[in-house]
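Student: Build the 3D model from these lines:
(4 chains)
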There are 2 protein chains.
Amino acid sequence: MKHLPHKTIERLSQYRRALLICLDKGQTHIYSHEIAKIQHITAVQVRRDLMLIGYTGTLRKGYNVKELIELIGEIIDSQEGINVAIIGMGNLGRALINYFAGKRSHLKIVASFDINPDKIGNTMSGVPCFSSDDMGKIIPEKNIKVGIMTVPAEFASQTTDALVKAGIKGILNYTPKPVTVPKEVYLEEYDMITSLEKVAFYVKLNEKEEE
Amino acid sequence: MKHLPHKTIERLSQYRRALLICLDKGQTHIYSHEIAKIQHITAVQVRRDLMLIGYTGTLRKGYNVKELIELIGEIIDSQEGINVAIIGMGNLGRALINYFAGKRSHLKIVASFDINPDKIGNTMSGVPCFSSDDMGKIIPEKNIKVGIMTVPAEFASQTTDALVKAGIKGILNYTPKPVTVPKEVYLEEYDMITSLEKVAFYVKLNEKEEE
DNA sequence: AGAAATTTGTTATTTTTTTCACACTGTTAG
DNA sequence: CTAACAGTGTGAAAAAAATAACAAATTTCT
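Tutor: Numbering: from 1, shown residues only, chains lettered A, B, ... in the order given. Just a heads-up that it's a prediction; the model follows:
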(Lines give C-alpha, C1' and ligand atoms only; values in the text may rest on other atoms or scores of the structure.)
Protein backbone atom coordinates (compact mmCIF):
# COMPACT_ATOMS: atom_id res chain seq x y z
CA MET A 1 0.00 0.00 0.00
CA LYS A 2 1.44 3.33 -1.06
CA HIS A 3 -0.06 6.44 0.37
CA LEU A 4 -3.37 6.59 2.06
CA PRO A 5 -4.97 10.00 1.68
CA HIS A 6 -5.02 12.08 4.83
CA LYS A 7 -8.76 12.13 4.84
CA THR A 8 -8.93 8.39 4.56
CA ILE A 9 -6.82 8.00 7.67
CA GLU A 10 -9.22 10.18 9.60
CA ARG A 11 -12.21 8.30 8.34
CA LEU A 12 -10.73 4.92 9.09
CA SER A 13 -10.36 5.94 12.69
CA GLN A 14 -13.97 7.00 12.71
CA TYR A 15 -15.19 3.88 10.98
CA ARG A 16 -13.47 1.82 13.58
CA ARG A 17 -15.19 3.59 16.38
CA ALA A 18 -18.55 3.13 14.78
CA LEU A 19 -17.72 -0.51 14.15
CA LEU A 20 -16.74 -1.11 17.74
CA ILE A 21 -20.17 0.06 18.79
CA CYS A 22 -21.74 -2.31 16.29
CA LEU A 23 -19.61 -5.13 17.57
CA ASP A 24 -20.72 -4.47 21.12
CA LYS A 25 -24.29 -4.69 19.93
CA GLY A 26 -23.53 -8.08 18.47
CA GLN A 27 -23.78 -7.00 14.85
CA THR A 28 -21.55 -9.20 12.69
CA HIS A 29 -21.89 -7.52 9.30
CA ILE A 30 -22.43 -3.99 8.08
CA TYR A 31 -23.15 -2.42 4.70
CA SER A 32 -21.18 0.46 3.29
CA HIS A 33 -24.28 2.62 3.34
CA GLU A 34 -24.81 1.96 7.02
CA ILE A 35 -21.33 3.15 7.85
CA ALA A 36 -21.85 6.06 5.50
CA LYS A 37 -25.01 7.14 7.24
CA ILE A 38 -23.38 7.18 10.64
CA GLN A 39 -20.52 9.31 9.35
CA HIS A 40 -22.62 11.58 7.15
CA ILE A 41 -20.77 10.64 4.01
CA THR A 42 -21.60 8.60 0.94
CA ALA A 43 -21.46 4.85 0.63
CA VAL A 44 -19.11 5.15 -2.33
CA GLN A 45 -16.63 6.93 -0.19
CA VAL A 46 -16.72 4.22 2.41
CA ARG A 47 -16.21 1.57 -0.22
CA ARG A 48 -13.38 3.51 -1.75
CA ASP A 49 -11.61 3.90 1.57
CA LEU A 50 -11.92 0.20 2.22
CA MET A 51 -10.72 -0.54 -1.27
CA LEU A 52 -7.65 1.54 -0.54
CA ILE A 53 -6.79 -0.56 2.47
CA GLY A 54 -7.50 -3.68 0.47
CA TYR A 55 -10.45 -4.98 2.40
CA THR A 56 -13.14 -6.70 0.49
CA GLY A 57 -16.56 -7.39 1.85
CA THR A 58 -19.00 -10.08 1.08
CA LEU A 59 -21.37 -9.39 -1.71
CA ARG A 60 -24.85 -8.76 -0.43
CA LYS A 61 -23.73 -9.24 3.15
CA GLY A 62 -21.51 -6.23 3.55
CA TYR A 63 -18.38 -6.10 5.63
CA ASN A 64 -17.45 -8.34 8.48
CA VAL A 65 -17.36 -6.03 11.47
CA LYS A 66 -14.75 -7.87 13.44
CA GLU A 67 -12.39 -8.44 10.55
CA LEU A 68 -12.64 -4.84 9.48
CA ILE A 69 -11.89 -3.54 12.95
CA GLU A 70 -8.82 -5.70 13.02
CA LEU A 71 -7.64 -4.63 9.61
CA ILE A 72 -8.08 -0.96 10.41
CA GLY A 73 -6.08 -1.58 13.53
CA GLU A 74 -3.28 -3.13 11.54
CA ILE A 75 -3.20 -0.11 9.29
CA ILE A 76 -3.44 2.78 11.68
CA ASP A 77 -2.20 1.41 14.96
CA SER A 78 1.42 0.84 15.64
CA GLN A 79 2.56 -2.56 16.73
CA GLU A 80 3.91 -1.65 20.11
CA GLY A 81 1.40 0.96 21.12
CA ILE A 82 2.20 4.61 21.58
CA ASN A 83 2.60 6.45 24.84
CA VAL A 84 0.98 9.82 25.16
CA ALA A 85 1.28 12.68 27.62
CA ILE A 86 -1.05 15.53 28.36
CA ILE A 87 0.53 18.84 29.14
CA GLY A 88 -1.71 21.11 31.13
CA MET A 89 -4.11 19.68 33.64
CA GLY A 90 -6.76 22.34 33.26
CA ASN A 91 -10.33 21.53 32.37
CA LEU A 92 -9.42 20.46 28.88
CA GLY A 93 -6.60 18.20 30.01
CA ARG A 94 -8.86 16.54 32.52
CA ALA A 95 -11.58 16.15 29.92
CA LEU A 96 -9.16 14.30 27.69
CA ILE A 97 -7.99 12.02 30.43
CA ASN A 98 -11.51 11.03 31.30
CA TYR A 99 -12.27 10.59 27.65
CA PHE A 100 -9.54 8.04 27.27
CA ALA A 101 -9.77 6.41 30.64
CA GLY A 102 -10.43 2.72 30.35
CA LYS A 103 -10.62 2.76 26.56
CA ARG A 104 -8.98 -0.26 25.07
CA SER A 105 -6.50 1.32 22.78
CA HIS A 106 -2.96 1.20 21.54
CA LEU A 107 -2.70 4.79 22.66
CA LYS A 108 -1.95 5.02 26.33
CA ILE A 109 -1.88 8.21 28.30
CA VAL A 110 0.95 7.50 30.67
CA ALA A 111 1.70 10.92 32.14
CA SER A 112 0.41 14.42 32.58
CA PHE A 113 2.27 17.61 33.37
CA ASP A 114 1.36 20.83 35.07
CA ILE A 115 3.04 23.73 36.84
CA ASN A 116 0.56 23.92 39.68
CA PRO A 117 2.13 22.31 42.78
CA ASP A 118 -1.30 21.25 44.03
CA LYS A 119 -1.72 19.05 40.99
CA ILE A 120 1.78 17.62 40.79
CA GLY A 121 1.99 14.23 42.45
CA ASN A 122 -1.70 13.48 42.09
CA THR A 123 -3.08 10.73 39.93
CA MET A 124 -6.18 11.05 37.82
CA SER A 125 -7.83 8.04 36.23
CA GLY A 126 -4.57 6.26 36.74
CA VAL A 127 -2.48 8.95 35.09
CA PRO A 128 0.20 10.51 37.31
CA CYS A 129 0.84 14.24 37.14
CA PHE A 130 4.43 15.50 37.03
CA SER A 131 5.98 18.91 37.13
CA SER A 132 6.37 20.51 33.72
CA ASP A 133 9.98 21.10 34.64
CA ASP A 134 10.52 17.35 34.51
CA MET A 135 9.33 16.82 30.96
CA GLY A 136 12.90 16.48 29.77
CA LYS A 137 13.38 13.56 32.11
CA ILE A 138 10.01 11.81 32.15
CA ILE A 139 9.31 11.86 28.42
CA PRO A 140 12.32 9.80 27.39
CA GLU A 141 12.06 7.69 30.51
CA LYS A 142 8.48 6.66 29.79
CA ASN A 143 9.08 6.52 26.06
CA ILE A 144 6.39 9.09 25.38
CA LYS A 145 5.97 9.80 21.69
CA VAL A 146 3.01 12.12 21.49
CA GLY A 147 2.09 15.18 23.53
CA ILE A 148 -1.29 16.80 23.77
CA MET A 149 -0.99 20.47 24.65
CA THR A 150 -3.80 21.84 26.72
CA VAL A 151 -1.91 24.64 28.41
CA PRO A 152 -3.01 28.29 28.34
CA ALA A 153 -2.12 30.01 25.07
CA GLU A 154 0.64 32.07 26.62
CA PHE A 155 2.61 28.93 27.45
CA ALA A 156 2.16 27.30 24.08
CA SER A 157 5.51 28.18 22.54
CA GLN A 158 7.68 27.39 25.50
CA THR A 159 5.86 24.13 26.12
CA THR A 160 6.33 23.15 22.50
CA ASP A 161 10.04 23.86 22.69
CA ALA A 162 10.36 21.81 25.84
CA LEU A 163 8.48 18.91 24.27
CA VAL A 164 10.63 18.97 21.17
CA LYS A 165 13.75 19.13 23.25
CA ALA A 166 12.55 16.16 25.26
CA GLY A 167 12.32 14.18 22.05
CA ILE A 168 8.60 14.10 21.40
CA LYS A 169 7.59 12.90 17.93
CA GLY A 170 4.12 14.31 17.57
CA ILE A 171 2.17 17.19 19.07
CA LEU A 172 -1.53 17.81 19.14
CA ASN A 173 -2.00 21.46 19.93
CA TYR A 174 -5.31 22.46 21.47
CA THR A 175 -4.04 25.87 22.33
CA PRO A 176 -5.48 28.71 20.27
CA LYS A 177 -1.91 29.77 19.55
CA PRO A 178 -0.18 28.25 16.51
CA VAL A 179 3.28 26.91 17.31
CA THR A 180 6.27 25.85 15.29
CA VAL A 181 8.14 22.58 15.37
CA PRO A 182 11.07 21.12 13.46
CA LYS A 183 9.97 19.13 10.46
CA GLU A 184 10.68 15.74 11.98
CA VAL A 185 7.94 16.36 14.53
CA TYR A 186 4.39 15.89 13.36
CA LEU A 187 2.13 18.73 14.39
CA GLU A 188 -1.63 18.87 14.38
CA GLU A 189 -3.40 22.00 15.52
CA TYR A 190 -7.01 22.25 16.40
CA ASP A 191 -8.71 25.40 17.29
CA MET A 192 -12.10 25.37 18.91
CA ILE A 193 -12.76 29.00 18.18
CA THR A 194 -12.31 28.43 14.47
CA SER A 195 -14.77 25.56 14.55
CA LEU A 196 -17.30 27.62 16.37
CA GLU A 197 -16.88 30.55 14.02
CA LYS A 198 -17.33 28.21 11.11
CA VAL A 199 -20.58 26.88 12.49
CA ALA A 200 -21.75 30.43 13.11
CA PHE A 201 -20.81 31.40 9.58
CA TYR A 202 -22.84 28.64 7.98
CA VAL A 203 -25.76 29.26 10.29
CA LYS A 204 -25.75 32.85 9.15
CA LEU A 205 -25.45 31.75 5.53
CA ASN A 206 -28.40 29.37 5.85
CA GLU A 207 -30.52 32.10 7.31
CA LYS A 208 -29.63 34.45 4.49
CA GLU A 209 -30.41 31.89 1.86
CA GLU A 210 -33.83 31.29 3.35
CA GLU A 211 -34.77 34.87 2.67
CA MET B 1 -18.76 37.34 -3.74
CA LYS B 2 -20.14 33.94 -4.64
CA HIS B 3 -18.99 31.01 -2.62
CA LEU B 4 -15.98 31.03 -0.41
CA PRO B 5 -14.40 27.61 -0.13
CA HIS B 6 -14.93 25.87 3.18
CA LYS B 7 -11.26 25.86 3.83
CA THR B 8 -10.97 29.54 3.20
CA ILE B 9 -13.57 30.24 5.84
CA GLU B 10 -11.58 28.29 8.38
CA ARG B 11 -8.38 30.03 7.46
CA LEU B 12 -9.92 33.47 7.57
CA SER B 13 -10.91 32.85 11.14
CA GLN B 14 -7.37 31.81 11.89
CA TYR B 15 -5.83 34.72 10.06
CA ARG B 16 -7.93 37.05 12.09
CA ARG B 17 -6.76 35.58 15.32
CA ALA B 18 -3.14 35.89 14.28
CA LEU B 19 -3.78 39.44 13.11
CA LEU B 20 -5.37 40.42 16.40
CA ILE B 21 -2.19 39.39 18.14
CA CYS B 22 -0.16 41.47 15.70
CA LEU B 23 -2.45 44.41 16.26
CA ASP B 24 -1.97 44.15 20.01
CA LYS B 25 1.76 44.26 19.44
CA GLY B 26 1.33 47.44 17.49
CA GLN B 27 2.17 45.97 14.12
CA THR B 28 0.38 47.90 11.38
CA HIS B 29 1.28 45.86 8.31
CA ILE B 30 1.97 42.24 7.60
CA TYR B 31 3.23 40.30 4.58
CA SER B 32 1.49 37.27 3.17
CA HIS B 33 4.49 35.12 3.99
CA GLU B 34 4.40 36.19 7.61
CA ILE B 35 0.79 35.12 7.96
CA ALA B 36 1.66 31.96 6.08
CA LYS B 37 4.44 31.07 8.44
CA ILE B 38 2.26 31.41 11.50
CA GLN B 39 -0.38 29.15 9.98
CA HIS B 40 2.06 26.68 8.44
CA ILE B 41 0.76 27.25 4.94
CA THR B 42 2.14 28.94 1.86
CA ALA B 43 2.13 32.63 1.09
CA VAL B 44 0.30 32.01 -2.17
CA GLN B 45 -2.54 30.47 -0.32
CA VAL B 46 -2.85 33.44 1.96
CA ARG B 47 -2.83 35.80 -0.99
CA ARG B 48 -5.40 33.74 -2.78
CA ASP B 49 -7.72 33.67 0.23
CA LEU B 50 -7.45 37.42 0.52
CA MET B 51 -8.02 37.76 -3.17
CA LEU B 52 -11.22 35.77 -2.76
CA ILE B 53 -12.55 38.18 -0.20
CA GLY B 54 -11.46 41.07 -2.37
CA TYR B 55 -8.85 42.58 -0.14
CA THR B 56 -5.83 44.07 -1.75
CA GLY B 57 -2.68 44.92 0.10
CA THR B 58 -0.11 47.56 -0.49
CA LEU B 59 2.71 46.64 -2.75
CA ARG B 60 5.92 46.09 -0.80
CA LYS B 61 4.18 46.90 2.47
CA GLY B 62 1.89 43.94 2.75
CA TYR B 63 -1.56 44.04 4.26
CA ASN B 64 -2.93 46.58 6.65
CA VAL B 65 -3.58 44.61 9.81
CA LYS B 66 -6.46 46.65 11.09
CA GLU B 67 -8.28 46.89 7.79
CA LEU B 68 -7.91 43.20 7.18
CA ILE B 69 -9.26 42.30 10.59
CA GLU B 70 -12.29 44.45 9.90
CA LEU B 71 -12.87 43.00 6.48
CA ILE B 72 -12.64 39.44 7.74
CA GLY B 73 -15.14 40.40 10.41
CA GLU B 74 -17.56 41.70 7.79
CA ILE B 75 -17.29 38.45 5.92
CA ILE B 76 -17.50 35.85 8.61
CA ASP B 77 -19.29 37.56 11.47
CA SER B 78 -22.95 38.14 11.45
CA GLN B 79 -24.26 41.64 11.95
CA GLU B 80 -26.19 41.05 15.12
CA GLY B 81 -23.91 38.58 16.84
CA ILE B 82 -24.85 35.01 17.53
CA ASN B 83 -25.84 33.51 20.84
CA VAL B 84 -24.34 30.21 21.80
CA ALA B 85 -25.10 27.62 24.47
CA ILE B 86 -22.96 24.90 25.91
CA ILE B 87 -24.69 21.68 26.74
CA GLY B 88 -22.86 19.66 29.34
CA MET B 89 -20.91 21.36 32.08
CA GLY B 90 -18.24 18.70 32.45
CA ASN B 91 -14.57 19.44 32.10
CA LEU B 92 -14.85 20.14 28.41
CA GLY B 93 -17.80 22.45 28.78
CA ARG B 94 -16.01 24.41 31.46
CA ALA B 95 -12.87 24.56 29.36
CA LEU B 96 -14.83 26.13 26.55
CA ILE B 97 -16.47 28.68 28.78
CA ASN B 98 -13.13 29.79 30.15
CA TYR B 99 -11.75 29.87 26.66
CA PHE B 100 -14.36 32.33 25.52
CA ALA B 101 -14.72 34.29 28.71
CA GLY B 102 -14.00 37.94 28.16
CA LYS B 103 -13.12 37.51 24.49
CA ARG B 104 -14.37 40.34 22.37
CA SER B 105 -16.45 38.47 19.89
CA HIS B 106 -19.70 38.46 18.03
CA LEU B 107 -20.20 35.01 19.47
CA LYS B 108 -21.63 35.13 22.95
CA ILE B 109 -22.06 32.17 25.22
CA VAL B 110 -25.27 33.09 26.95
CA ALA B 111 -26.28 29.86 28.63
CA SER B 112 -25.13 26.44 29.67
CA PHE B 113 -27.14 23.33 30.43
CA ASP B 114 -26.58 20.32 32.61
CA ILE B 115 -28.56 17.62 34.33
CA ASN B 116 -26.63 17.76 37.59
CA PRO B 117 -28.73 19.67 40.16
CA ASP B 118 -25.56 20.89 41.89
CA LYS B 119 -24.57 22.77 38.77
CA ILE B 120 -27.97 24.12 37.79
CA GLY B 121 -28.46 27.66 39.02
CA ASN B 122 -24.75 28.41 39.22
CA THR B 123 -22.98 30.93 37.08
CA MET B 124 -19.55 30.40 35.60
CA SER B 125 -17.61 33.23 34.00
CA GLY B 126 -20.90 35.05 33.72
CA VAL B 127 -22.69 32.16 32.04
CA PRO B 128 -25.74 30.83 33.90
CA CYS B 129 -26.36 27.09 34.02
CA PHE B 130 -29.87 25.81 33.41
CA SER B 131 -31.47 22.41 33.60
CA SER B 132 -31.25 20.46 30.37
CA ASP B 133 -34.98 19.94 30.69
CA ASP B 134 -35.45 23.65 30.07
CA MET B 135 -33.65 23.82 26.75
CA GLY B 136 -36.95 23.98 24.93
CA LYS B 137 -37.82 27.13 26.82
CA ILE B 138 -34.47 28.90 27.27
CA ILE B 139 -33.13 28.46 23.75
CA PRO B 140 -35.89 30.37 21.98
CA GLU B 141 -36.16 32.80 24.85
CA LYS B 142 -32.51 33.79 24.68
CA ASN B 143 -32.43 33.52 20.91
CA ILE B 144 -29.68 30.91 20.98
CA LYS B 145 -28.64 29.83 17.53
CA VAL B 146 -25.71 27.51 18.11
CA GLY B 147 -25.21 24.69 20.60
CA ILE B 148 -21.91 23.15 21.60
CA MET B 149 -22.40 19.60 22.78
CA THR B 150 -20.05 18.48 25.48
CA VAL B 151 -22.21 15.85 27.09
CA PRO B 152 -21.16 12.24 27.61
CA ALA B 153 -21.46 10.16 24.44
CA GLU B 154 -24.47 8.25 25.68
CA PHE B 155 -26.53 11.44 25.83
CA ALA B 156 -25.47 12.73 22.42
CA SER B 157 -28.51 11.63 20.43
CA GLN B 158 -31.15 12.72 22.85
CA THR B 159 -29.43 16.05 23.43
CA THR B 160 -29.26 16.63 19.70
CA ASP B 161 -32.94 15.91 19.32
CA ALA B 162 -33.79 18.28 22.13
CA LEU B 163 -31.64 21.01 20.60
CA VAL B 164 -33.22 20.60 17.20
CA LYS B 165 -36.67 20.64 18.70
CA ALA B 166 -35.79 23.82 20.55
CA GLY B 167 -35.00 25.43 17.23
CA ILE B 168 -31.21 25.50 17.25
CA LYS B 169 -29.60 26.32 13.90
CA GLY B 170 -26.14 24.90 14.31
CA ILE B 171 -24.50 22.22 16.43
CA LEU B 172 -20.87 21.66 17.21
CA ASN B 173 -20.58 18.12 18.46
CA TYR B 174 -17.60 17.32 20.67
CA THR B 175 -19.05 14.01 21.65
CA PRO B 176 -17.31 10.97 20.19
CA LYS B 177 -20.69 9.80 18.99
CA PRO B 178 -21.85 10.97 15.55
CA VAL B 179 -25.37 12.38 15.59
CA THR B 180 -27.97 13.16 12.95
CA VAL B 181 -29.77 16.43 12.35
CA PRO B 182 -32.30 17.63 9.81
CA LYS B 183 -30.67 19.30 6.87
CA GLU B 184 -31.63 22.82 7.84
CA VAL B 185 -29.38 22.51 10.89
CA TYR B 186 -25.66 22.89 10.30
CA LEU B 187 -23.63 20.21 12.03
CA GLU B 188 -19.94 20.10 12.69
CA GLU B 189 -18.43 17.12 14.45
CA TYR B 190 -15.02 17.01 15.96
CA ASP B 191 -13.54 13.98 17.48
CA MET B 192 -10.49 14.21 19.68
CA ILE B 193 -9.74 10.52 19.46
CA THR B 194 -9.54 10.69 15.70
CA SER B 195 -7.12 13.59 15.89
CA LEU B 196 -4.94 11.75 18.33
CA GLU B 197 -4.97 8.60 16.27
CA LYS B 198 -4.02 10.62 13.25
CA VAL B 199 -1.03 12.12 15.02
CA ALA B 200 -0.01 8.67 16.22
CA PHE B 201 -0.33 7.31 12.69
CA TYR B 202 1.95 9.90 11.20
CA VAL B 203 4.43 9.56 14.01
CA LYS B 204 4.59 5.87 13.29
CA LEU B 205 4.93 6.59 9.58
CA ASN B 206 7.80 9.00 10.13
CA GLU B 207 9.61 6.47 12.22
CA LYS B 208 9.20 3.83 9.54
CA GLU B 209 10.47 6.12 6.84
CA GLU B 210 13.57 6.89 8.82
CA GLU B 211 14.57 3.26 8.71
C1' DA C 1 -35.21 -21.31 -13.64
C1' DG C 2 -35.40 -16.54 -14.79
C1' DA C 3 -36.09 -11.83 -13.46
C1' DA C 4 -35.60 -8.26 -10.15
C1' DA C 5 -33.21 -6.31 -6.54
C1' DT C 6 -29.27 -5.28 -3.88
C1' DT C 7 -24.66 -4.56 -2.78
C1' DT C 8 -19.69 -4.64 -3.72
C1' DG C 9 -15.45 -3.05 -6.37
C1' DT C 10 -13.47 -0.08 -9.50
C1' DT C 11 -12.78 3.02 -13.46
C1' DA C 12 -13.79 7.43 -15.07
C1' DT C 13 -15.28 12.03 -14.18
C1' DT C 14 -16.00 16.06 -11.68
C1' DT C 15 -15.18 19.18 -8.14
C1' DT C 16 -12.37 21.30 -4.84
C1' DT C 17 -8.12 22.81 -3.17
C1' DT C 18 -3.39 23.83 -3.66
C1' DT C 19 0.60 25.13 -6.07
C1' DC C 20 3.16 27.08 -9.93
C1' DA C 21 4.61 30.65 -12.73
C1' DC C 22 4.89 34.98 -13.90
C1' DA C 23 3.34 39.78 -14.89
C1' DC C 24 3.24 43.96 -12.44
C1' DT C 25 4.86 47.67 -9.38
C1' DG C 26 6.89 50.25 -5.94
C1' DT C 27 11.63 50.58 -3.42
C1' DT C 28 16.28 50.63 -2.72
C1' DA C 29 21.09 50.65 -4.02
C1' DG C 30 24.43 52.01 -6.94
C1' DC D 1 18.56 56.95 -13.93
C1' DT D 2 18.62 52.23 -13.96
C1' DA D 3 19.08 47.69 -12.32
C1' DA D 4 18.14 44.49 -8.78
C1' DC D 5 14.94 43.28 -5.42
C1' DA D 6 10.85 42.11 -2.88
C1' DG D 7 6.51 42.07 -2.61
C1' DT D 8 1.32 41.52 -4.57
C1' DG D 9 -2.36 39.54 -7.75
C1' DT D 10 -3.91 36.04 -10.67
C1' DG D 11 -4.51 32.75 -14.73
C1' DA D 12 -3.13 28.16 -15.54
C1' DA D 13 -1.74 23.72 -13.99
C1' DA D 14 -1.52 20.10 -10.77
C1' DA D 15 -2.90 17.47 -6.96
C1' DA D 16 -6.21 15.78 -3.82
C1' DA D 17 -10.71 14.44 -2.80
C1' DA D 18 -15.36 13.32 -3.83
C1' DT D 19 -18.86 11.59 -6.87
C1' DA D 20 -20.88 9.17 -10.67
C1' DA D 21 -21.49 5.28 -13.27
C1' DC D 22 -21.62 0.77 -14.02
C1' DA D 23 -20.06 -4.27 -14.26
C1' DA D 24 -20.20 -8.32 -11.52
C1' DA D 25 -22.10 -11.22 -8.19
C1' DT D 26 -25.36 -12.99 -4.98
C1' DT D 27 -29.86 -13.28 -2.96
C1' DT D 28 -34.81 -13.11 -3.22
C1' DC D 29 -38.96 -13.33 -5.50
C1' DT D 30 -42.13 -15.32 -8.71
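
Student: nearest residue to the closest residue to DNA strand C within chain A other than its sequence neighbours?
Tutor: Nearest residue of chain A to DNA strand C: A:T56, at 2.6 Å (CB to the nearest atom of the strand). Every residue, glycine included, has its C-beta placed from N, CA and C. Nearest residue to A:T56, sequence neighbours excluded (CB to CB, 6 or more residues apart in numbering or on different chains): A:L50, at 7.7 Å.

Student: Isn't that neighbour up against A:S32?
Tutor: Yes - the pair formed by A:L50 and A:S32 meets the contact definition of CB atoms under 8 Å, at 7.5 Å.

Student: Mind jotting down where the strands sit in chain A?
Tutor: A:29-30, A:63-64, A:82-87, A:107-114, A:123-124, A:127-131, A:144-149, A:170-173, A:186-189 (DSSP state E).

Student: Identify the residues contacting stretch A:183-190?
Tutor: Contact with stretch A:183-190 is made by A:164, A:168-174, A:178-179, A:181, B:40, B:190, B:195, B:198-199, B:202-203, B:206, as judged by CB atoms under 8 Å, 6 or more residues apart in numbering or on different chains.

Student: First-to-last residue distance for that stretch?
Tutor: This stretch, stretch A:183-190, spans 18 Å end to end (CA to CA, to the nearest Å).

Student: Could you check the pLDDT of the residue of chain A closest to DNA strand C?
Tutor: pLDDT, A:T56: 94.

Student: In chain A, where is pLDDT below threshold?
Tutor: A:1-2 (pLDDT under 70).

Student: check contacts around A:I148.
Tutor: By CB under 8 Å, 6+ apart, the residues touching A:I148 are A:V84, A:A85, A:I86, A:I87, A:G93, A:L96, A:I171, A:L172, A:Y174, B:L196.

Student: Outline the domain layout of chain A.
Tutor: A:6-76, A:82-193 (automatic domain parsing).

Student: Which stretch among these is buried most, on average?
Tutor: Using mean count of other CB atoms under 10 Å in any protein chain shown, the stretch among these with the largest mean neighbour count is domain A:82-193, at a mean of 19.

Student: Would you agree A:G147 is in contact with A:I168?
Tutor: Yes - counting by CB under 8 Å, A:G147 touches A:I168, with 4.9 Å between them.

Student: Name the residues contacting each of those two.
Tutor: Common neighbours of A:G147 and A:I168 are listed as A:I139 (criterion: CB under 8 Å, 6+ apart).

Student: among the contacts of stretch A:183-190, which are in reach of DNA strand C?
Tutor: For DNA strand C, no contacts are drawn from these by CB under 7 Å from any atom of the strand.

Student: quick one on the thing from earlier: any figure for the gap between the residue of chain A closest to DNA strand C and A:V46?
Tutor: 13 Å (CB to CB, to the nearest Å).

Student: same deal with A:S131?
Tutor: Distance, A:S131 to A:V46, using CB to CB: 46 Å.

Student: next one: A:K169
Tutor: Distance from A:K169 to A:V46, by CB to CB: 30 Å.

Student: for A:L52, same thing?
Tutor: Counting by CB to CB - A:L52 and A:V46 are separated by 11 Å.

Student: what does A:E207 give?
Tutor: Counting by CB to CB, the gap from A:E207 to A:V46 is 32 Å.

Student: my guess is A:Y202 meets B:G170, correct?
Tutor: Yes - under the criterion of CB under 8 Å, A:Y202 makes contact with B:G170 at 6.7 Å.

Student: Please name the nearest non-neighbouring residue to A:V110.
Tutor: A:N83 (4.7 Å).

Student: okay but the one you found is in contact with A:P140, surely?
Tutor: No - using CB under 8 Å, A:N83 is not in contact with A:P140, being 10.9 Å away.

Student: Get me the contact residues on chain A for DNA strand D.
Tutor: So chain A meets DNA strand D at A:P5, A:H6, A:K7, A:T8, A:I41, A:T42, A:V44, A:Q45, A:R48, A:L59, A:R60, A:K61 (CB under 7 Å from any atom of the strand).

Student: OK, contacts around the residue nearest to A:H29 when sequence neighbours are not counted?
Tutor: Nearest residue to A:H29 in three dimensions, chain neighbours excluded: A:G62, at 4.6 Å (CB to CB, 6+ apart). Shown in contact with A:G62 (CB under 8 Å, 6+ apart): A:H29, A:I30, A:Y31, A:S32, A:E34.

Student: Of these, which is the nearest to chain B?
Tutor: A:E34 (12.2 Å; CB to the nearest CB).

Student: Grab the nearest non-local neighbour of the closest one.
Tutor: Going by CB to CB, 6+ apart, A:E34 has A:G62 as its nearest residue, at 7.4 Å.

Student: got it, and A:G57?
Tutor: A:G57's closest residue in space is A:Y63 (CB to CB, 6+ apart), at 4.0 Å.

Student: In contact with that neighbour, which residues?
Tutor: A:H29, A:I30, A:Y31, A:S32, A:I35, A:L50, A:Y55, A:G57.

Student: can you pull the contacts of the last one?
Tutor: This means A:G57. A:S32, A:L50, A:Y63, A:N64.

Student: Could you pull up phi and psi at A:A166?
Tutor: Dihedral pair for A:A166: phi -80, psi -10, per degrees, to the nearest 10.

Student: does it really touch A:E141, like I thought?
Tutor: No - under the criterion of CB under 8 Å, A:A166 is not in contact with A:E141, lying 9.8 Å apart.

Student: could you dump the strands of chain A to JSON lines with distance to B:E154?
Tutor: Formatted as JSON lines, these follow (distance: least, CB to CB, whole Å):
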{"stretch": "strand A:29-30", "distance to B:E154": "21"}
{"stretch": "strand A:63-64", "distance to B:E154": "25"}
{"stretch": "strand A:82-87", "distance to B:E154": "24"}
{"stretch": "strand A:107-114", "distance to B:E154": "22"}
{"stretch": "strand A:123-124", "distance to B:E154": "21"}
{"stretch": "strand A:127-131", "distance to B:E154": "23"}
{"stretch": "strand A:144-149", "distance to B:E154": "24"}
{"stretch": "strand A:170-173", "distance to B:E154": "25"}
{"stretch": "strand A:186-189", "distance to B:E154": "27"}
